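Undergrad: Whatever this is, show me its structure:
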Amino acid sequence: MTDRVLVDLLASLVYGWRPGPDRFSSSDRSWRVRSRFSPLTDIKCAFDLLDAVGARFTIVRRTGTDFSVEVWIGDRRGHAQYAELPRAVSVAIAAALGLLQEPPCEKTTGVDGRENGC
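TA: Okay, the predicted model is just below:
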């Protein structure tokens, strides 16, 4: 799953927004520019998602390690571990909501200079 698809699914499921090419629209015909909803990179958006789903959560980071985030939504648990806190929070929420079978796809560059992933 790409980052864009993950963000679209979170916006739809949590807020009821309909994704468009450059914005999200809501049922009351208001809209939000896509660039202003970036829960994978913006910590405020990630914590707004936590508030919106009413989740309980724990965040742990030991010196020199990634953030480890656990999220409970009702009796469902999601876990994610990433170097970036907003991504860890958002992916843990998505996991608790049942949106992920595996972590979202990230493009990387291998030692041979070729892109891997997605």
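Undergrad: What is the three-state secondary structure of the residue nearest the centre of the chain?
TA: Nearest to the geometric centre of the chain sits S90, at 2.9 Å (CA atoms, centre = their mean). Following DSSP: H, G, I helix; E, B strand; the rest coil, S90 is assigned to helix.
Undergrad: can I assume it is in contact with L6?
TA: Yes: shown here, S90 and L6 form a contact pair, counting by CB atoms under 8 Å, at 7.4 Å. All C-beta spots, glycine's among them, are computed from the backbone N, C-alpha and C.
Undergrad: shaky segments in this protein?
TA: Under the criterion pLDDT under 70, the flagged ranges of the chain are 102-118.
Undergrad: what ranges do the helices span in it?
TA: Under the criterion DSSP state H, the chain contains helices at 3-10, 43-53, 85-96.
Undergrad: which other helices and strands contact the shortest one?
TA: Here helix 3-10 is seen to pack against helix 85-96 when contacts are counted using 3 or more CB pairs under 8 Å, 6 or more residues apart in numbering; DSSP states H and E.
Undergrad: at 10 Å instead, please
TA: Secondary-structure packing of helix 3-10 (3 or more CB pairs under 10 Å, 6 or more residues apart in numbering; DSSP states H and E): strand 18-19, helix 43-53, helix 85-96.
Undergrad: follow-up on the earlier one: check contacts around the residue lying closest to the residue nearest to the centre of the chain once chain neighbours are set aside.
TA: Excluding its sequence neighbours, the residue lying closest to S90 (CB to CB, 6 or more residues apart in numbering) is P39, at 4.3 Å. Contacts for P39 (CB atoms under 10 Å, 6 or more residues apart in numbering) come out as 3, 6-7, 10-11, 14, 45-50, 86-87, 89-91, 93-94.
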